[in-house]
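**Student:** Quick one: sequence and predicted model below, then my questions.
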Amino acid sequence: MELEKNQIREMIKKDLTDILIRVALVGFLVYMSLKIFDPFMGIMLWALILAVIMFPLHQKLANKLGGKQGRAATIFVLFGIFFLVIPTVMLSDSLVVYVKETHSIFSSDSITIKPPNPSIAEWPIIGEKVYGAWEQAAINLPEFLQKMRPQLESFAKGALEFAAGLAGGLLQLLASMIIAGIMLAYGQSGSDSMLKIISRLAGHNKGIFLHKLSTATIRSVAMGVVGVSTIQALLFGVGFIFIDLPGAALIALVILVFGIAQLPAIIFTIPTVAYIWWSGDSSVMNIVFTVYFIIAGFADNVLKPVFLGRGVDAPMPIVLIGALGGMISAGLIGLFIGATFLSLAYVIFMSWVNDEEGASQKTELEPELDNNKVKNLET
């Protein structure tokens with residue numbers, strides 16, 4: 001009896017040692033792989049999101065081109081560069097120039113505020129208060145700036161570093177667009193491989209459901225929330241550049257965050273139109289830009305039914321936290337990745353939470369019923 005116990009112990013010890021060695025080797029390989037892949041993580045993740053978004057349209061275009069996947073992918077990459085990367089470059093260049101000029105003004109003590117026009121005092125209700133505050137700022141501003149000079153310089157340098165960092169973000173965006181084109185060229189085989197991986201982890205039936213759920217969530221969040229907000233922010237931003245609005249890129253970034261938070265961008269139209277008529281000289285151009293910004297303000301009302309017709313399962317606070325957290329941790333490209341992947345994590349987690357007991361033993365019919373939940377989100 002004692003001999004049998006010793007044999008069992010030896011077998012357990014040997015098996016446990018083998019398991020620990022295997023787990024350690026696998027853990028080491030995963031750690032080293034992630035460490036090596038880390039510099040390219042953001043680019044590859046955003047490329048994957050773009051590829052998932054564009055895959056249905058890419059397939060339709062490829063079919064019209066006689067099944068030529070590479071040619072269709074090239075057309076999509078060129079289209080994306082023209083309509084997304086170029087306006088983003090324009091806004092980033094505007095931001096860098098604005099920050100540099102502001103930093104130079106603070107450094108040279110040349111910032112001034114012009115005295116207010118006496119007619120401002122005649123405004124009803126608030127005229128005298130606005131005039132008095134403006135006049136005091138114009139008189140005492142140099143002394144105030146001298147006291148706040150260290151803090152203002154520190155802030156200006158930080159803003160300059162942020163603006164300079166956008167150049168790297170733009171290169172990442174361009175690289176992601178090109179990599180997404182390569183992924184699209186091999187999109188079907190890539191989708192099948194991802195399905196095999198998910199099925200291996202979650203089981204065949206559940207894997208099919210999670211694959212469809214993940215695809216639908218990525219498309220709905222990236223297109224319907226982040227995509228619509230980005231398009232609207234670019235419309236406003238390009239218009240800001242043409243009317244020479246100071247801090248055009250910064251205001252466009254605020255509009256982007258507002259859009260992700262599902263706040264109406266139309267609230268920026270009224271002050272923009274007021275600025276146009278206050279500073280513009282040509283009545284014809286003023287009318288043109290007024291119409292343009294009114295259209296830009298209502299653009300989300302047209303774009304959301306197209307891209308987000310059936311809604312997103314992830315709550316808007318989750319999307320917003322993901323966007324802001326991603327931007328803080330990974331810059332411009334992190335804004336898009338964070339919103340999409342945090343929403344995806346939330347949807348998958350809630351799918352697991354809401355799963356009934358014994359879900360692992362579902363029949364083949366039950367996953368089909370689950371798949372109907374994501375059918376409406378697929379394009």
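**Tutor:** Looks like it arrived, so ask away. Residues are numbered from 1 along each chain as shown.

**Student:** Okay, now the unreliable bits of the stretch 101-250 of the chain?
**Tutor:** By pLDDT under 70, the weakly predicted segments of the stretch 101-250 of the chain are 101-114, 119, 133-134, 136-170.

**Student:** Helices of that one, start to end?
**Tutor:** Per DSSP state H, counting those that start in this stretch, the stretch 101-250 of the chain carries helices over the ranges 127-147, 149-185, 187-202, 204-221, 228-242, 248-260.

**Student:** before we move on, what about the stretch 251-379 of the chain?
**Tutor:** Along the stretch 251-379 of the chain, counting by DSSP H, counting those that start in this stretch, helices occupy 269-279, 283-297, 299-307, 316-353, 365-375.

**Student:** mean pLDDT for those helices: which is lowest?
**Tutor:** Lowest mean pLDDT within those: helix 365-375, a mean of 46.

**Student:** burial count for residue 129?
**Tutor:** By other C-beta atoms under 10 Å, 11 other residues sit near residue 129. C-betas here are computed from N, CA, C, even on glycine.

**Student:** Residue 340 against residue 224, yeah?
**Tutor:** No: with contact taken as C-beta atoms under 8 Å, residue 340 and residue 224 are classed as non-touching, separated by 11.0 Å.

**Student:** Show me which of these two is the more surrounded one.
**Tutor:** When neighbours are counted by other C-beta under 10 Å, residue 340 and residue 224 differ, and residue 340 comes out ahead with 30 against 22.

**Student:** Pull the contacting residues for the more buried one.
**Tutor:** Neighbouring residues of residue 340 by C-beta atoms under 8 Å, 6 or more residues apart in numbering: 49, 218, 221-222, 226, 322.

**Student:** which residues touch stretch 341-357?
**Tutor:** 45, 209-210, 213-214, 217-218, 221, 312-315, 318-319, 321-322, 325-326.

**Student:** Could you tell me which residues within it count as buried?
**Tutor:** 341-344, 346-347, 351 (16 or more other C-beta atoms under 10 Å).

**Student:** separation between the residue nearest the centre of the chain and residue 236?
**Tutor:** Residue closest to the average C-alpha location in the chain (C-alpha atoms, centre = their mean): residue 336, at 1.9 Å. Distance of residue 336 to residue 236, computed by C-beta to C-beta, to the nearest Å: 18 Å.
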